[in-house]
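>>> Show me how the following folds:
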Amino acid sequence: MTAPVLALLALLVASPLTAQELTADQLAQRTLRADAFAWEGAKTRLKMVLHAKGGKKSERAMEVVARRHHGLLQTMVRFLAPKELAGTAFLMREKAGEPSEQYIYLSGLKRTRRVVGREREGSFMGSDFTYADMQRVDPKHTINKRLPDDKVGATETYVLESTLSKASGSAYGKLVTWVRKSDFVAVRTRFYDRKGKLVKTLYARKVKPLEGKPVVVEARMQSENGHATELIIESMQRRDDLDDSLFTPAALERF
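Okay, the predicted model is just below:
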């Protein structure tokens with residue numbers, strides 16, 4: 001299945017399926033399709049709230065433009081606030097049959113660099129998400145298993161366990177996802193390292209319909225170290241006209 005965030009949006013919107021009996025791989029495929037890019041593109045305003053272990057919190061405003069281009073995801077994330085981060089931007093472009101390209105532009109240094117190797121396991125701008133969380137994992141590197149159905153609160157869910165091979169390039173060894181039966185929204189995902197230790201959990205906190213699709217408008221990533229990050233969608237617009245020029249390293253520096 002996908003990496004958990006899929007360019008911040010791709011696990012936030014789901015597509016329906018009427019069949020009730022699903023294999024693990026079929027369930028994973030439906031979760032893979034749980035994204036806003038059935039529209040070809042979207043422009044989104046988000047608020048990111050960082051919660052430190054001691055209770056201190058800080059907020060960041062972001063704009064995300066993303067699209068599916070020839071079946072591959074392209075995402076540009078730009079920070080708008082606070083002032084010291086305004087203009088900082090991140091670009092992710094999936095590549096067929098090879099790792100995605102990732103670039104970060106640091107506005108304070110006025111410099112663009114590529115994000116590669118182990119650096120992708122690091123924190124994305126101080127949040128509980130990593131750079132690796134911004135990309136999908138190739139399904140050929142994943143073994144899926146259905147676990148017994150469960151409930152999250154009163155919500156009936158399928159439960160999917162996805163074991164990631166080392167060839168996937170992911171720091172995670174396993175993901176366990178609770179997928180809402182009614183619309184295939186992933187309502188909870190647990191992330192385990194390669195030693196089997198729970199690292200963090202992603203919760204879908206609030207879901208709203210947008211153009212007939214259920215959208216997670218509030219989500220929380222809770223790390224086991226006591227730190228947490230909230231993502232709150234403030235607006236989302238369907239955009240099928242996003243230009244190629246928006247998804248280039250040169251575009252990172254245009255603000």
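>>> Which positions within stretch 47-58 qualify as buried?
Judged by neighbour count using 16 or more other CB atoms under 10 Å, the buried positions of stretch 47-58 are 48, 50-51. Yep, even glycine has a C-beta here, placed from its N, CA and C like the rest.
>>> residues making contact with stretch 53-62?
Applying CB atoms under 8 Å, 6 or more residues apart in numbering, the contact partners of stretch 53-62 are 45-52, 77-82, 85, 125, 225-227.
>>> Apply 7 Å and report the result again.
With CB atoms under 7 Å, 6 or more residues apart in numbering as the contact definition, stretch 53-62 has outside contacts at 46-51, 77-82, 85, 225-227.
>>> now it: how far from the chain's centre is it?
For stretch 53-62, the gap between its own C-alpha mean and the chain's C-alpha mean amounts to 19 Å (CA atoms, centre = their mean, to the nearest Å).
>>> any idea of the mean pLDDT for it?
Taken as a whole, stretch 53-62 has a mean pLDDT of 94.
>>> quick one on the thing from earlier: mind listing which of the buried residues of stretch 47-58 are in strands?
Among those, the subset assigned to strands under DSSP state E consists of 48, 50-51.
>>> Residue 106: which of these is nearest?
Nearest to residue 106 among those is residue 48, at 17.0 Å by CB to CB.
>>> any idea how far residue 241 is from the closest one?
When distance is defined by CB to CB, to the nearest Å, residue 48 is 27 Å away from residue 241.
>>> Residue 211 now?
According to CB to CB, residue 211 stands 16 Å off from residue 241.
>>> out of those two, which sits in the busier spot?
In this comparison of residue 211 against residue 241, neighbours counted by other CB atoms under 10 Å, the higher total goes to residue 211 at 13 against 8.
>>> How about that one, nearest residue that isn't a chain neighbour?
The shortest distance from residue 211 to any residue that is not its chain neighbour, by CB to CB, 6 or more residues apart in numbering, is 6.2 Å, and that residue is residue 238.
>>> same check, this time on residue 228
Nearest non-adjacent residue to residue 228, counting by CB to CB, 6+ apart: residue 51, 4.2 Å away.
>>> before we move on, the earlier item: what's the farthest-apart pair in the contacts of stretch 53-62?
Every pair in those was compared (CB to CB); the two farthest apart turn out to be 78 and 226, at 29.0 Å.
>>> between these two, which one's more packed in?
Using other CB under 10 Å, the more surrounded residue of residue 78 and residue 226 is residue 78, with 22 against 11.
>>> Buried residues of the helix or strand hosting that one, list them for me.
In the assignment (DSSP states H and E), residue 78 maps to strand 72-81. Using 16+ other CB under 10 Å as the test for burial, strand 72-81 gives 73-80.
>>> Rebuild the residues you listed as JSON lines, extending it with distance to residue 106 and pLDDT.
As requested, these are arranged in JSON lines below (distance: CB to CB, whole Å; pLDDT from 0 to 100):
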{"residue": "73", "distance to residue 106": "23", "pLDDT": "89"}
{"residue": "74", "distance to residue 106": "21", "pLDDT": "93"}
{"residue": "75", "distance to residue 106": "18", "pLDDT": "93"}
{"residue": "76", "distance to residue 106": "15", "pLDDT": "95"}
{"residue": "77", "distance to residue 106": "13", "pLDDT": "96"}
{"residue": "78", "distance to residue 106": "12", "pLDDT": "97"}
{"residue": "79", "distance to residue 106": "10", "pLDDT": "97"}
{"residue": "80", "distance to residue 106": "15", "pLDDT": "97"}
